[in-house]
Each structure stands twice: as structure tokens, then as C-alpha cells.
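Chemist: fold the following for me, if possible:
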Amino acid sequence: MSDLHNESIFITGGGSGLGLALVERFIEEGAQVATLELSAAKVASLRQRFGEHILAVEGNVTCYADYQRAVDQILTRSGKLDCFIGNAGIWDHNASLVNTPAERLETGFHELFNVNVLGYLLGAKACAPALIASEGSMIFTLSMADISSSTLTGA
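Modeler: Next up is the predicted model:
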């Protein structure tokens with residue numbers, strides 16, 4: 001039996017990429033896994049693939065109410081939350097500062113900030129009471145922009 005047997009893990013962005021790999025591995029290790037995923041198609045795919053082993057909640061990481069709804073469902077299902085992994089994120093695909101129209105630059109910045117910064121803060125806020133009660137932990141995945149800059153992220 002794994003050390004993660006019956007641990008309750010909440011991962012954002014569990015429908016693809018690193019998030020999906022985390023979902024797969026934690027389920028393999030016996031954890032009770034939940035994810036908050038924006039895409040309805042990915043939520044359906046997760047439910048079909050993992051069945052009762054996943055609590056896939058459709059929602060937006062930029063919406064506190066969606067986080068709270070997910071946490072409420074996790075607590076109803078598992079009775080506790082042991083770990084929150086903030087993983088959902090978006091990237092500008094190295095958009096050119098010079099070639100990006102000013103209005104797109106402004107909306108793009110707000111979109112990046114809301115998902116990649118505010119989304120993590122909202123998740124931390126929604127999960128904190130349950131994590132304090134379980135003496136659990138938070139893990140945040142971060143951007144590669146600090147070591148691989150683009151025209152919008154580099155100095």
C-alpha cells in the first residue's frame with residue numbers, strides 16, 4: 001500500500017499536460033484525487049477514463065465560487081483535504097511586444113495575471129481552512145519565464 005493511500009489531493013488543470021500526469025500518478029498511488037478543470041470536454045474525458053477514482057469539477061480558477069464549490073465537494077466525498085496543487089496556467093506563446101496590438105497586450109496581461117497569479121491565490125484561500133484542519137500542504141507549479149524569457153516576460 002502506498003503512502004498516499006486515501007490521501008485527498010486537489011489539482012487544478014488536471015485535464016491535460018502536467019496536471020493530467022499528476023492525476024494519473026496520484027490515482028496509481030491510491031490517493032483520492034479531485035481536479036478543477038475549465039474544459040467541459042476534459043472533465044467528461046477524466047470521468048470516463050478514471051470513473052470513481054476522480055472527482056472532476058468543471059470550473060474556472062479565476063472564480064472563487066468555483067473553487068469553493070470544488071472544495072465543498074471534496075470534503076463531502078473525502079471528509080478532508082490533504083494537498084492542494086495549483087497547476088492550471090496559461091502562456092503567451094512568446095508573443096511579440098512589438099507586433100502585439102496595444103488592446104491585445106492589455107487584455108492578454110490581465111488574462112495571464114488572472115489565471116497564473118490570482119488563480120493560485122483564490123485556490124489557496126478556498127483550500128486553506130481544510131488544509132489547516134488536516135495539517136496539509138500546498139504546492140504551486142510555476143512558469144519557465146524566469147529562465148526562458150519571451151518578449152513579454154523578459155527584461
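
Chemist: tell me where this protein has strands.
Modeler: 8-12, 32-37, 54-58, 83-86, 137-140 (DSSP state E).

Chemist: from residue 110, how far off is the residue lying farthest from the centre of the chain?
Modeler: Most distant from the centre of the chain: residue 98, at 31.3 Å, with distances by CA atoms, centre = their mean. Distance from residue 98 to residue 110, counting by CB to CB, to the nearest Å: 20 Å. Where C-beta positions appear, they are placed from N, C-alpha and C, glycine not excepted.

Chemist: so residue 32 sits against residue 5, correct?
Modeler: No. Using CB atoms under 8 Å, residue 32 is not in contact with residue 5; the gap is 9.3 Å.

Chemist: which outside residues touch the helix or strand bottoming out on mean pLDDT in the chain?
Modeler: Ranking every helix and strand in the chain by mean pLDDT, DSSP states H and E puts helix 102-113 at the bottom, with a mean of 87. Helix 102-113 is contacted from outside by 90, 92, 95, 97, 100, 152, using CB atoms under 8 Å, 6 or more residues apart in numbering.

Chemist: returning to what we had before: quick one: closest of the strands of the chain to residue 77.
Modeler: Closest to residue 77 of the strands of the chain, according to CB to CB: strand 54-58, at 5.6 Å.

Chemist: how big is the angle separating that closest one from strand 32-37?
Modeler: Interaxial angle of strand 54-58 relative to strand 32-37 (axes from the mean of the first three to the mean of the last three CA atoms, to 10 degrees): 20 degrees.

Chemist: what distance do you get for residue 34 to residue 62?
Modeler: 18 Å.
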